[in-house]
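Asker: sequence unknown, structure follows:
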């Protein structure tokens, strides 16, 4: 995944690309920016229930790898049946939140994995390089697009969720995840993360003095990945992973697939594709008439890890 802040910035920037009809149905769009975390909400859930860490990681990988169009169809079909599709939150979540998160990952992950040589923490590596790169890009994006100092800015405020979500919305999530992936109560886990992610960001990312960075670096040899937590890092290091020079790189899952696209090239393509899909999903939702083929022709059936 690109980091939490990169996804949150993408959510806000996509709003500028949506057509007026779509925006008219999303008057509270800015208040649902936590939806930008998509399937990573399941990853954040693990920090509150560490005894279930292994299973939550397995479940999260399932969501990243498989069946996005089928999930979207099931979600919208169930939401239509129980009335949740009439709710703004339900429609924002699936398009601007969940699908967009997947597509941003789908475009960017291959480049990041090319540099990091890993996706999830691997005991054979010295550290979790993928997570470190994501953090560097997060702070780069904050400085570039929001003119904020990542070390001192109270980043956790950007992840505070004050809205209430309906039981119909949570039921839609639970039933669509179970129908698509045979995974129970994922929506209920998402609900916990919606309101607790702010605390996670405050505890592990916000680090104005740099004390947490020093501690996490020491802990990394025992709990691989902690070196990637703190935002008290030098954003200039991110330049090593953005492919600004448009050099040739290859997909780690298929070395015959090569590209010269930079991080920002891929990021902008993701925003364009996502905004188009959001507009079309909102059109289908407002009509209340759609079938599986409508969704499959619109939503890419690709892994968010490999882009394939």
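Answerer: Yep, that arrived. Because the structure is predicted, anything quoted here is derived from the model rather than measured.
Asker: in the protein, which strand is the longest?
Answerer: For the chain, the longest strand by residue count, based on DSSP state E, is strand 254-259.
Asker: immediately after that strand, which helix or strand?
Answerer: On the C-terminal side of strand 254-259, the closest following helix or strand by DSSP states H and E is helix 263-287.
Asker: counting contacts, what elements does that following helix pack onto?
Answerer: helix 4-15, helix 20-24, helix 68-82, helix 88-92, helix 100-116 (3 or more CB pairs under 8 Å, 6 or more residues apart in numbering; DSSP states H and E). Just so you know, the C-beta spots here come from the backbone N, C-alpha and C atoms, and that holds for glycine as well.
Asker: and the third one, what's its mean pLDDT?
Answerer: So that's helix 68-82. On average, the pLDDT along helix 68-82 is 98.
Asker: distance of the nearest residue to residue 140 once chain neighbours are set aside from residue 137?
Answerer: Of all residues not flanking residue 140 in the chain, residue 238 sits nearest, at 3.8 Å (CB to CB, 6 or more residues apart in numbering). As judged by CB to CB, to the nearest Å, residue 238 and residue 137 stand 5 Å apart.
Asker: for residue 156, see how far away residue 119 is.
Answerer: Residue 119 is 26 Å from residue 156, by CB to CB.
Asker: the residue nearest to residue 140 contacts residue 143, doesn't it?
Answerer: No. Using CB atoms under 8 Å, residue 238 makes no contact with residue 143, being 9.3 Å away.
Asker: got the contact list for residue 212?
Answerer: Taking CB atoms under 8 Å, 6 or more residues apart in numbering, we find residue 212 in contact with 204, 229-230, 232.
Asker: which one's more surrounded, residue 238 and residue 143?
Answerer: residue 238 (21 against 16; other CB atoms under 10 Å).
Asker: check what pLDDT residue 2 gets.
Answerer: 76.
Asker: that one belongs to a strand?
Answerer: No. Remark: residue 2 does not belong to a strand; assigned using DSSP: H, G, I helix; E, B strand; the rest coil, it is coil.
Asker: for residue 130, what are its contacts?
Answerer: 112-113, 116, 118-120, 228.
Asker: now residue 210: closest residue in space, sequence neighbours ignored.
Answerer: residue 232 (4.2 Å).
Asker: before we move on, what about residue 253?
Answerer: The spatial neighbour of residue 253 that comes closest, neighbours along the chain excluded (CB to CB, 6+ apart), is residue 306 at 4.2 Å.
Asker: looking at it, that neighbour is touching residue 250, isn't it?
Answerer: No. Residue 306 is beyond contact range of residue 250, at 11.8 Å (criterion: CB under 8 Å).
Asker: okay, the two: which has more neighbours?
Answerer: Taking other CB under 10 Å, residue 306 and residue 250 do not tie; residue 306 has more neighbours (18 against 13).
Asker: what about the more buried one, distance to residue 21?
Answerer: Distance check for residue 306 against residue 21: by CB to CB, it reads 34 Å.
Asker: distance check, the spatially closest residue to residue 19 that is not a sequence neighbour against residue 32.
Answerer: Of all residues not flanking residue 19 in the chain, residue 279 sits nearest, at 5.2 Å (CB to CB, 6+ apart). Between residue 279 and residue 32 the distance is 17 Å, computed by CB to CB.
Asker: the more surrounded of those two?
Answerer: Using other CB under 10 Å, the more surrounded residue of residue 279 and residue 32 is residue 32, with 20 against 17.
Asker: not counting its neighbours along the chain, what's nearest the more buried one?
Answerer: residue 92 is the one closest to residue 32 (CB to CB, 6+ apart), at 4.9 Å.
Asker: what's the burial count for that neighbour?
Answerer: For residue 92, the neighbour count with other CB under 10 Å is 22.
Asker: quick one, what contacts it?
Answerer: Counting by CB under 8 Å, 6+ apart, residue 92 touches 26, 29, 32, 35.
Asker: could I get these as TSV with distance to residue 269 and pLDDT?
Answerer: Listed next are the contacts of residue 92 as TSV, based on distance: CB to CB, whole Å; pLDDT from 0 to 100:
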residue	distance to residue 269	pLDDT
26	23	98
29	22	98
32	24	98
35	21	98
